[in-house]
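Asks: Test case, fold it:
(2 chains)
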Amino acid sequence: MLELLSFGDQGWGDEMLLAGLMTILVSLSSVCLGLLIGVILASFKLSKSRILKLIAEVYTTVVRGVPELLVIYLLFFGGSSAVMYFAKMFGYDGYIELNAFTIGTFAVGAISGAYSTEVIRGAILAVPKGQFEVGETLGMSKFQMNLRIIFPQVARLALPGIGNVWQITLKDTSLISVTALVEIMRQAKVAAASEHEPFVFYTTAIVLYLLITTGSNKFFNRAEKKFSKGFVIEEST
Amino acid sequence: MYESFFKLIKGIPLTLEVVIISTILGFFLAILVALMRISKKGYLNKTAYYFVYAVRGTPLLLQIFFIYYGLAQFSFIQDSFLWIVLKDPFWCAIIALTLNTCAYSSEIIRGGIQSVSKGYLEAGSALGMGRILSFRIIMLPLAIRQALPAYGNELILMVKASSLVSTVTLMEITGIARKIISQTFAPIEIFLVAGSIYLLINFLITRGIKAAENKLTPDLA
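Replies: Next comes the predicted model:
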């Protein structure tokens, strides 16, 4: 049983570990894309424009209310044709196929973005009003104020929520195994099928996911401690 | 559009069946796990903790595959009585979803139980109630009321999670959607129709939970 997981040509050990790295990479890029979407949509939600509010509201409701798998199918089957459609508008007439990593990142990032929006919105609302007024009093421009006063506080307040979003996103990446991207889930499927040992490889996959979640839990706990220096952490009871 | 709509609504009964069975089973198991988590016995507490940790730390898709393909590998399982359940993708999916919702809701219920103030229970014992009786008629209703909003979210997550059972050949809404997409190559249309069905189900759940909340909090309504 152990030689199945050995490194080198005989075993699948190195393949599984590489797949683990791929899972981490896709998760990282999806979370980054998600945070970008989150910042934009959160500012939409807090803006005074009704249209922008509506756009953000519809986006988060739809993405959070529809199964992740459906979103992934939409982008997997519709992503390339959508890109080709836009390329045609700019005069490019060839065939474009997006690779599995890009589609996966966009699909999982889009889902992650809906959750990040709520986290970031909550964090912005939690910054005391006085902080904004201080910036004005000091004669800062809006950009300076956001960069120097608001952003650091939003980042600190959003950190626990971002930790949750990271966990969700990490697990959602297993769904893009349907698009043939070789991450943990896909690799385990392939290995299980070719060796007829599903138990061994799915157990390995479980261990890999648990290692990643445990590691990232530690990381986020440490980060929260570091960034809440000088603040009283409210223990939830 | 109409055609795909009529094909997709045929998946609704299976989606609901999977969600309802596993939610009910998961709810009762979750109460058990929540009680283990707050018990003072170390081994009960630890077992529940690691169970919840493992379920929450791994993707549901992997859990479904582990139960359906992974366990089926062993001949001693194929020979045992468990095989009646484990050979059937439907029951494997139910097991995976039940364990999943059990882990998540046990944390929600634990939060609910711990939010009930001790005074109520003391009042119960002052009235001569036994531990089980006071748990049933004092603790549980209060805990449920407290936990209801979070539990509503969990129900929505369950409806979404049920889409994964399509990966083990069960043709519920998402399974049918995938089949039509690969036949017609009309992903956007199918997404809109299937997505609307899910949104409608989730909307009804949200409404139902809201109504239950109002009913359970007469003093606030």
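Asks: Return the residues in contact with A:Phe7.
Replies: With contact taken as CB atoms under 8 Å, 6 or more residues apart in numbering or on different chains, A:Phe7 is in contact with A:Gly13, A:Asp14. C-betas here are computed from N, CA, C, even on glycine.
Asks: quick one: it and A:Leu18, what's the gap?
Replies: Applying CB to CB, to the nearest Å, the value for A:Phe7 to A:Leu18 is 11 Å.
Asks: Also B:Glu189?
Replies: Distance from B:Glu189 to A:Leu18, by CB to CB: 38 Å.
Asks: Then B:Ala103?
Replies: From B:Ala103 to A:Leu18 the distance is 29 Å (CB to CB).
Asks: between the two, who's got more neighbours?
Replies: Neighbours were counted for B:Ala103 and for A:Leu18 using other CB atoms under 10 Å in any protein chain shown; B:Ala103 has more, 21 against 14.
Asks: Do I have it right that that one meets B:Thr58?
Replies: No. B:Ala103 lies out of contact with B:Thr58 (CB atoms under 8 Å); the separation is 10.2 Å.
Asks: Excluding chain neighbours, what is closest to B:Ile201?
Replies: Distances taken as CB to CB, 6 or more residues apart in numbering or on different chains place B:Val159 nearest to B:Ile201, at 5.6 Å, with adjacent residues excluded.
Asks: what sits against the one you found?
Replies: So B:Val159 contacts A:Pro67, B:Thr15, B:Val19, B:Tyr198, B:Ile201, B:Asn202, B:Ile205 (CB under 8 Å, 6+ apart).
Asks: redo that, cut-off 6 Å
Replies: B:Val19, B:Ile201, B:Asn202 (CB atoms under 6 Å, 6 or more residues apart in numbering or on different chains).
Asks: Against which helices or strands is the helix or strand the last one falls within packed?
Replies: Think B:Asn202. In this assignment (DSSP states H and E), B:Asn202 forms part of helix B:187-216. Here helix B:187-216 touches helix A:68-89, helix B:2-8, helix B:140-161, helix B:173-184, going by 3 or more CB pairs under 6 Å, 6 or more residues apart in numbering or on different chains; DSSP states H and E.
Asks: Can I get those in a markdown table including mean pLDDT and distance to B:Tyr120?
Replies: As requested, these are exported to a markdown table (pLDDT from 0 to 100; distance: least, CB to CB, whole Å):
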| stretch | mean pLDDT | distance to B:Tyr120 |
| --- | --- | --- |
| helix A:68-89 | 84 | 40 |
| helix B:2-8 | 87 | 48 |
| helix B:140-161 | 90 | 7 |
| helix B:173-184 | 91 | 43 |
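Asks: what element comes up after the longest helix seen in chain A heading to the C-terminus?
Replies: The residue-count maximum for a helix in chain A (DSSP state H) belongs to helix A:13-46. Following helix A:13-46 in sequence order, the next helix or strand is helix A:50-65 (DSSP H and E).
Asks: Buried residues, that next one. List them.
Replies: A:Leu52, A:Ala56, A:Tyr59, A:Thr60, A:Val62, A:Val63, A:Arg64, A:Gly65 (16 or more other CB atoms under 10 Å in any protein chain shown).
Asks: repeat for stretch A:192-207
Replies: Neighbour count says stretch A:192-207 has A:Ala192, A:Glu197, A:Pro198, A:Phe199, A:Val200, A:Phe201, A:Tyr202, A:Thr203, A:Thr204, A:Ala205, A:Ile206 buried, by 16+ other CB under 10 Å.
Asks: near chain B too, which of those?
Replies: Of the residues in the buried residues of stretch A:192-207, proximity to chain B by CB under 6 Å from any CB of the partner chain holds for A:Pro198, A:Phe199, A:Tyr202, A:Ala205, A:Ile206.
Asks: What part of chain B, helix or strand, is modelled with the least confidence?
Replies: helix B:75-79 (a mean of 79; mean pLDDT, DSSP states H and E).
Asks: Would that helix count as contacting chain A?
Replies: No. Figure legend: helix B:75-79 not in contact with chain A (CB under 6 Å from any CB); closest approach 9.7 Å.
Asks: for that helix, packing partners?
Replies: Secondary elements touching helix B:75-79 (3+ CB pairs under 6 Å, 6+ apart): none.
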